[in-house]
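Engineer: Got a predicted model here, sequence first, then my questions.
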Amino acid sequence: MERYLHDAAKTPLEVIRARVKKEPDLAAAMLSGLICQNGAINFDHITKSKTVDSVLSTASPPALVKIVSQFRGMILHPDTEDQQVADSQRRMLADVLVSAVRSCNKQQADATDPDAAKEWLEQLLLVFVEFAYSVPDSAAREDTVPRPPVSDASRAMFQSRLSSSLAHILSVRLDEEITLPYAVVSALHSRVESSGTSKLSLQANKQVWKTLKRAHKTLGKVASQVRELWTVSLDHELICQERAANEKQKPTFRAFKLLYSITILQVYNADPDAVSVLDELDECYASVAQHTGAQAHAFDLLIEVILGSVAKPSALFRKLAEQVFTTFASEVTAQSLQSMIDILSKKESLAGQQDLFDQAGEDGEEDDENSDEEVSDVEILDGSPAASTEDESSSGGEEGASEDGQESDGSLDEHDDQEDDEETRKFDALLAQALKTSQPNGTASGDEESSDDEDMDDEQMMALDPHLEKILGERKKTTSKRKDSQDAKETVINFKNRVLDLLSIYVKQQHTNTLAMDLILPLLLLVRSSTSQQVAQKAFNLLKQYFDACKGKDMPTPTGLDATWKLLRDIHGEGMRDGPKFHGAACSRSSLFVVKTLVYIDRNNYDRAVDIYSDTQKQWFRNPKSKVQPALFSDWINWSISTRKPK
């Protein structure tokens with residue numbers, strides 16, 4: 001009977017979805033019937049359908065305004081007096097709202113009236129702000145006070161859902177101004193300044209409030225500069241010059257506006273590092289806005305702020321870092337680039353984490369409130385290998401990468417299993433010695449004849465308690481250390497992945513900059529030494545992306561060729577090291593790229609490149625155990641044939 005009822009229910013659900021798709025303004029009424037009154041907040045979960053998601057994704061902006069308003073009322077006064085049930089209902093309602101942001105983002109991007117789309121999104125975010133940060137006081141009207149009260153757990157949940165929504169909104173490009181984060185912090189500032197019937201939940205000292213006040217003031221200046229496209233002038237030529245200068249500066253001020261907005265929000269989230277970041281942003285902004293001679297230092301400091309953002313396990317901070325780095329990629333100095341390279345060179349271990357963050361696990365911790373994988377702002381580390389987007393032109397490419405990566409991961413797992421077995425054997429031996437019983441291999445730990453079938457009395461058991469506690473305590477410490485080591489490894493790998501994403505943005509924009517050539521050798525080292533197949537593959541793909549971007553006239557032209565020749569020899573030296581198959585392919589492509597750069601500057605440089613390849617080939621021929629892959633030479637010959645001038 002249940003099966004027939006389920007099949008019968010499919011038809012009206014399909015009709016609802018089709019009707020809303022045809023008439024988007026009906027979405028509010030349809031959704032009200034599905035989740036209110038006789039419906040259920042978790043309708044999709046109960047019915048194992050995507051009806052609510054479908055209705056949200058096709059709803060019109062006016063309907064979404066009504067939906068958000070309706071949800072606010074349900075969050076304010078859930079249909080229950082039980083605190084735990086109310087918390088659960090509020091979480092489910094918040095999840096549906098976040099789903100609305102996800103579902104509607106693409107449709108609203110194509111909307112003919114973008115202001116209407118911003119209206120419902122801003123209203124949704126302000127609902128999160130209201131319940132995440134506001135605490136009503138005794139003077140508030142009864143109908144405006146949440147009943148039951150919003151618990152601390154729910155308040156933290158709303159903060160997390162707000163971050164998730166902002167992270168999705170930041171998926172758009174910074175070519176257009178992103179105003180919603182600014183609207184959020186402006187609403188928070190208004191609540192601080194007003195003497196209304198609610199107060200903020202943030203408990204902070206006077207210094208923090210002073211920093212917040214200064215940051216809001218600076219943010220207001222930045223927002224004003226973004227709005228001013230150009231200065232009115234009677235001179236037409238001067239107008240054009242000022243307009244061009246302002247258009248060039250506009251992305252910079254947009255980036256600062258976004259940075260200030262998100263960082264201020266983190267202060268309200270009680271992030272202990274956010275206050276110091278605001279101080280650093282003040283220094284950067286003052287230098288950039290005033291065009292002082294310390295701009296290079298300011299941008300170096302700004303890159304450190306960006307790296308601090310990507311170190312956090314948050315989708316919002318990753319999106320923020322990518323947006324801002326895209327704006328400032330052209331300002332990256334050798335010092336900033338070295339800071340990023342240093343991160344890639346760290347060991348993927350507890351020692352590497354301590355070296356990066358000064359304290360083990362400092363940036364790798366997650367809040368319990370962020371445990372919901374679907375909508376949590378905390379990103380889960382994906383251990384699957386990154387897929388390559390293009391075919392390999394060199395031998396030993398992606399196929400070799402996949403095979404070698406699997407072998408590497410397998411050997412690591414086998415090593416971990418061996419350590420587990422060894423620890424288990426030690427634990428069993430200590431336990432058997434304490435209890436004077438036989439060990440698993442069948443040997444007796446004491447006198448067999450006297451210990452067989454002999455039961456311990458209460459006094460003997462009591463005497464064993466300290467020994468057992470000590471053994472179990474040591475076992476617990478060992479397990480804890482292994483977990484700390486694994487967590488540290490994942491934290492470092494996650495950080496490296498984020499930095500590689502930033503470097504991908506850099507080489508896309510700055511591939512003609514000779515500074516980008518400093519990345520080649522560190523990336524080759526990472527391909528060979530990383531314990532993560534994902535990181536190694538990503539580094540390999542980044543090199544490929546860089547080389548593919550440098551074609552024709554888009555080649556770097558280094559002036560100090562001594563450093564370039566040294567780089568070529570170092571690449572050949574790296575090619576002699578033992579590594580996965582695609583490490584050899586990466587070395588071959590890197591070597592050819594440097595040769596192309598040298599020959600592009602002066603074709604006579606080909607002769608010296610021949611000598612370097614000849615030296616490497618001689619070493620390879622003399623040493624049967626040489627790790628140089630033959631593809632290094634075959635790729636060189638093929639390129640020489642294709643590049644040689646015809647008669």
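Structural biologist: All right, it came through fine.
Engineer: Residue ranges of each domain in the chain, please.
Structural biologist: 1-169, 352-374+401-443+458-643 (automatic domain parsing).
Engineer: Endpoints of the last one, how far apart?
Structural biologist: The reference is to domain 352-374+401-443+458-643. With CA to CA, to the nearest Å applied, domain 352-374+401-443+458-643 spans 44 Å between its terminal residues.
Engineer: can you tell me the average pLDDT over that domain?
Structural biologist: For domain 352-374+401-443+458-643, the mean per-residue pLDDT is 79.
Engineer: Stretch 11-19 too?
Structural biologist: Mean predicted lDDT for stretch 11-19 stands at 88.
Engineer: List the buried residues for that stretch?
Structural biologist: By neighbour count on 16 or more other CB atoms under 10 Å, the buried set for stretch 11-19 is L13, I16, R17. C-beta here means a position set from N, CA and C on the backbone, and glycine is covered the same way.
Engineer: ok, now stretch 315-334?
Structural biologist: Those would be 315-329, 331-332, for stretch 315-334 by 16+ other CB under 10 Å.
Engineer: give me every residue that touches the residue nearest to T616 when sequence neighbours are not counted.
Structural biologist: For T616, ignoring the flanking residues on the chain, the nearest one in space by CB to CB, 6 or more residues apart in numbering is H572 at 4.7 Å. In this structure, H572 makes contact with C587, S591, I612, Y613, D615, T616, L632, judged by CB atoms under 8 Å, 6 or more residues apart in numbering.
Engineer: Using the three-state scheme, assign the third one.
Structural biologist: I612 falls in the helix class when you classify it by DSSP: H, G, I helix; E, B strand; the rest coil.
Engineer: A helix includes A563, no?
Structural biologist: Yes - A563 forms part of a helix when assessed by three-state DSSP.
Engineer: For D79, which residues are in contact?
Structural biologist: Residues near D79 by CB under 8 Å, 6+ apart: Q89.
Engineer: again, but for T47
Structural biologist: A9, L13.
Engineer: got it, and T179?
Structural biologist: T179 touches K118, counting by CB under 8 Å, 6+ apart.
Engineer: where does it land on pLDDT?
Structural biologist: Taking T179 on its own, its pLDDT is 86.
Engineer: Do I have it right that I341 meets L519?
Structural biologist: Yes - between I341 and L519 there is a contact under CB atoms under 8 Å: 7.1 Å.
Engineer: which of these two has more neighbours?
Structural biologist: L519 (21 against 18; other CB atoms under 10 Å).
Engineer: wait, doesn't that one sit right on Q510?
Structural biologist: No - L519 lies out of contact with Q510 (CB under 8 Å); the separation is 10.2 Å.
Engineer: returning to what we had before: for PyMOL, what selects the buried ones among the contacts of H572?
Structural biologist: A single PyMOL command selects the buried members of those (16+ other CB under 10 Å):
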select buried, resi 587+591+612+613+616+632
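Engineer: Most widely separated two among the contacts of H572?
Structural biologist: Using CB to CB, the two most remote members of those are C587 and D615, lying 14.9 Å apart.
Engineer: Can you report how many residues lie near L180?
Structural biologist: Neighbour tally, L180, other CB under 10 Å: 18.
Engineer: ok now do it, which residues does it touch?
Structural biologist: K118, L121, E122, L125, L166, I169.
Engineer: cutoff 7 Å now
Structural biologist: L121, E122, L125, I169 (CB atoms under 7 Å, 6 or more residues apart in numbering).
Engineer: Count the neighbours of the third one for me.
Structural biologist: L125 has 23 neighbours, counted by other CB under 10 Å.
Engineer: Also the first one?
Structural biologist: Burial measure for L121: 24 neighbouring residues, criterion other CB under 10 Å.
Engineer: how close does it sit to F256?
Structural biologist: Separation of L121 from F256 (CB to CB, to the nearest Å): 22 Å.
Engineer: can you check the third one too?
Structural biologist: Separation of L125 from F256 (CB to CB): 21 Å.
Engineer: repeat for P61
Structural biologist: With CB to CB as the criterion, P61 and F256 are 30 Å apart.
Engineer: of those two, who's got more company?
Structural biologist: The neighbour count for P61 versus F256, taken as other CB under 10 Å, is higher for F256 (26 against 21).
Engineer: residue contacts, that one?
Structural biologist: Contacts of F256 (CB under 7 Å, 6+ apart): V222, Y285.
Engineer: Next one, pLDDT for it please.
Structural biologist: For F256, the predicted pLDDT is 91.
Engineer: A223 against K257, yeah?
Structural biologist: Yes - assessed by CB atoms under 7 Å, A223 is found in contact with K257 at 5.8 Å.
Engineer: Mutual contacts of those two, please.
Structural biologist: Common neighbours of A223 and K257 (CB under 7 Å, 6+ apart) are Y182.
Engineer: Between those two, tell me which one has more neighbours.
Structural biologist: Shown here are A223 and K257; by other CB under 10 Å, K257 has more neighbours (22 against 19).
Engineer: Surely the more buried one is in contact with V185?
Structural biologist: No - K257 is beyond contact range of V185, at 10.1 Å (criterion: CB under 7 Å).
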